[in-house]
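> below is the structure, and that's it, no one-letter string:
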């Protein structure tokens, strides 16, 4: 294969290791500076130049896009996708993970532990947001921060309020999160490739520092994840449509608490802590996946007029309960069941003899009018009552 690694740092550890691993497996690999590309668009012919010259076709692309060039970098990745190159992480997935608020919004719909978070703009809402998570200490994060930069621990409500007001005055959007004290300055980095965690490490903050990032002096040690942490990490990466991700989780009293999902996780810390060849794992995954390409299933299936993908919950009184898929009558209505979610189990491409049970969530593709009959007239509110009460002393 001809592989392109998009990176502004050809001598960075991760870039060097990926190049080395690809070459060892017989691939021709080139490191390309993301900012040297130019994009050209015309009907039926997306094109790219590199340093003013047309480039050859690359079978696969490994994006190592820095935070500061997310917008342009993801555009380059998207252009490669349009030109038929397989991209390990797609542009849309990179953008989804880089926006901390959007990522948490996507994760919050699912049964995964995430930090209690608030995003406010009006000064009138700041104190309420702090109180809603039980008061200080709280963690304040810049939306665009990375590697622990722009992450501040506010020990009191007054300090938190002052920090948020100051940052808001200079047009910086911030998230406010509750401080998970039981994590004791430690977190878990799970490295996900495809649908499994290939390695994990525990990071511990140095001294009085609460941030455990290696760039902030944190130390690392290999850790064997229990199944709940593995499931959480893989699910988070899947929700954001990332094939390769570094999922950072705090060890909360009720289980894993996702803090961030990184689309360009570094290899240096995890390979040093675990002694594993993560770069080689990534190249092997890419070899397995390249034939499938970057296929947007929803986009392709909904191109046919009158057809769509939707999902609905089977109600206890439904005639489908206790019947198999073939007996349910769905196929006669021009509806195909693509997946069943039953509790925490995901049943992909269920057989016709699979029994349907009350509470199953059926993801279906089919005639829009037929599907409409199974959907509620109005979306039900997902709003939950706050689990925390404002502390009048704060």
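Received the coordinates, thanks. Small disclaimer: the values here were computed from a predicted structure and weren't measured.
> got the end-to-end distance for stretch 262-282?
15 Å (Cα to Cα, to the nearest Å).
> who touches that stretch?
Residues outside stretch 262-282 that contact it (Cβ atoms under 8 Å, 6 or more residues apart in numbering): 13-14, 17-18, 20-21, 24-25, 62-66, 88-89, 93-94, 97-98, 189, 191, 193, 198-201, 203, 214, 220-222, 240, 242, 244-248. Just so you know, the C-beta spots here come from the backbone N, C-alpha and C atoms, and that holds for glycine as well.
> narrow those residues to those in helices?
13, 14, 17, 18, 20, 21, 24, 93, 94, 97, 98 (DSSP state H).
> list only buried entries from these.
14, 17, 18, 21, 93, 94, 97, 98 (16 or more other Cβ atoms under 10 Å).
> with respect to residue 345, which of the residues you listed is nearest?
The closest of these to residue 345 turns out to be residue 93 (Cβ to Cβ; 24.5 Å).
> okay, that closest one: pLDDT?
On the pLDDT scale, residue 93 is placed at 95.
> residues contacting the nearest residue to it once chain neighbours are set aside?
Nearest non-adjacent residue to residue 93, counting by Cβ to Cβ, 6 or more residues apart in numbering: residue 241, 4.2 Å away. Applying Cβ under 8 Å, 6+ apart to residue 241 gives the contacts 90, 92, 93, 96.
> most neighbours among those, please name it.
residue 93 (24 neighbours; other Cβ atoms under 10 Å).
> go ahead and confirm that one touches residue 240.
Yes: contact between residue 93 and residue 240 holds when scored by Cβ atoms under 8 Å: they sit 5.9 Å apart.
> report the beta-bridge partners for residue 221.
Residues in a beta bridge with residue 221, per DSSP bridges, are residue 202.
> of the buried ones among the ones in helices among the contacts of stretch 262-282, which is the nearest to residue 338?
Of these, the one sitting nearest to residue 338 (Cβ to Cβ) turns out to be residue 93, at 20.4 Å.
> what's near enough to touch the closest one?
Counted by Cβ under 8 Å, 6+ apart, residue 93 has contacts 240, 241, 242, 243, 263.
> average pLDDT for the helix or strand residue 270 falls within?
Element membership of residue 270, judged by DSSP states H and E, is helix 268-274. Helix 268-274 shows a mean pLDDT of 94 in the predicted model.
> could you look up the next helix or strand downstream of it?
Next along from helix 268-274, by DSSP H and E: helix 278-289.
> before we move on, back to that, now do the helix holding residue 270: distance to the chain's middle.
Remark: helix 268-274 is offset 21 Å from the chain centroid, using Cα atoms, centre = their mean, to the nearest Å.
> for that helix, buried residues please.
Using 16+ other Cβ under 10 Å as the test for burial, helix 268-274 gives 269, 270, 271, 273, 274.
> what separates the last one from residue 227, distance-wise?
Look at residue 274 and residue 227: by Cβ to Cβ, to the nearest Å, they are 19 Å apart.
> ok, now the second one?
Spatial separation of residue 270 from residue 227 under the definition Cβ to Cβ is 20 Å.
> pLDDT value on residue 381, please?
So residue 381 comes in at 51 (pLDDT).
> cool, the one 10 residues further on as well?
Model confidence at residue 391, given as pLDDT, is 46.
> follow-up on the earlier one: between the contacts of residue 93, which is nearest residue 42?
residue 241 (28.1 Å).
> just the helices in the protein please.
Counting by DSSP H, the helices of the chain are 13-24, 70-82, 91-98, 100-108, 126-132, 157-169, 227-239, 268-274, 278-289, 297-301, 368-372.
> average pLDDT across the last one?
Looking at helix 368-372 alone, the average pLDDT works out to 93.
> coming back round to it: in PyMOL, how would I select just the buried ones from the contacts of stretch 262-282?
The following PyMOL line selects those of the contacts of stretch 262-282 that are buried, judged by 16+ other Cβ under 10 Å:
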select buried, resi 14+17+18+21+62+63+64+65+88+89+93+94+97+98+189+191+193+198+199+200+201+203+214+220+240+242+244+245+246+247+248
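> for residue 86, what are its contacts?
Residue 86 touches 59, 60, 61, 286, 289, 290, 293, 294, counting by Cβ under 8 Å, 6+ apart.
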